[in-house]
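Novice: using only what follows, build the 3D model:
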Amino acid sequence: MINYTISAKYAYLWDKYRPAILKLMMEATGGPQQYKLSDHEFRRVNPKEKFAFTLQVFEGGAINNIKTSAVAKDLLLVLKQSKTAMELSQASTYEFTLDRKFVLHVTKVQQTAAETPVGDATEIEQPEVVESAA
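Specialist: Residues are numbered from 1 along each chain as shown. All right, here's what the predicted structure looks like:
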């Protein structure tokens, strides 16, 4: 895992959105999720910031380089403070992408063996052989 110095200037905003983000993480099992953020809140903190980022989280830490994004680092800080987020990221990798339109995309990108469905859909059931007394 990569350790980063946290700026925390966006942490209060991410904390405000934390319940929605946790819900997105839980629902990401069924497919990618997205949530529109209020861009004016982020721009108020620093109008010159480059807000778009991609953060990949596994086992409670970033697995990609986010050192140039204060926004991503602060999201990671808020996620680390959430027991639910840490439990979810122990089992799977989650990707958080904030696009230029301030839409946060949450994708579950990796499943563990424990989450793999039992029985492969490609298995072919063999018909039962019945011996006749002819």
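Novice: and the pLDDT at the residue nearest the centre of the chain?
Specialist: In the chain, the C-alpha nearest the mean C-alpha coordinate belongs to Tyr94, at 3.0 Å (C-alpha atoms, centre = their mean). pLDDT recorded at Tyr94 is 97.
Novice: just confirm Gln13 contacts Val45, I think it does.
Specialist: Quick fix: residue 13 reads Leu, not Gln. Yes - assessed by C-beta atoms under 8 Å, Leu13 is found in contact with Val45 at 7.3 Å. From N, CA and C alone the C-beta is placed, and that goes for glycine too.
Novice: out of those two, which sits in the busier spot?
Specialist: Neighbours were counted for Leu13 and for Val45 using other C-beta atoms under 10 Å; Leu13 has more, 19 against 16.
Novice: what's the first helix or strand after the helix or strand the more buried one falls within?
Specialist: Per DSSP states H and E: Leu13 is located in helix 11-27. For helix 11-27, the following helix or strand on the C-terminal side (DSSP H and E) is strand 33-36.
Novice: in that following strand, which residues are buried?
Specialist: Buried residues in strand 33-36, defined by neighbour count with 16 or more other C-beta atoms under 10 Å: Gln33.
Novice: give the next helix or strand downstream of that strand.
Specialist: helix 39-45.
Novice: so what touches stretch 67-87?
Specialist: 2, 4-11, 13-15, 18, 21-22, 25-26, 42, 46, 49-51, 53-55, 57, 60-62, 66, 89, 96, 98 (C-beta atoms under 8 Å, 6 or more residues apart in numbering).
Novice: cutoff 7 Å now
Specialist: Outside of stretch 67-87, the residues within contact range by C-beta atoms under 7 Å, 6 or more residues apart in numbering are 4, 6-11, 14-15, 18, 22, 25, 49, 51, 53, 55, 57, 60, 62, 66, 96, 98.
Novice: check which residues of it are buried.
Specialist: Residues 69-79, 82, 85 are the ones in stretch 67-87 that count as buried (16+ other C-beta under 10 Å).
Novice: measure Ala62 to Tyr94 for me?
Specialist: Computed as C-beta to C-beta, to the nearest Å, the Ala62 to Tyr94 distance reads 11 Å.
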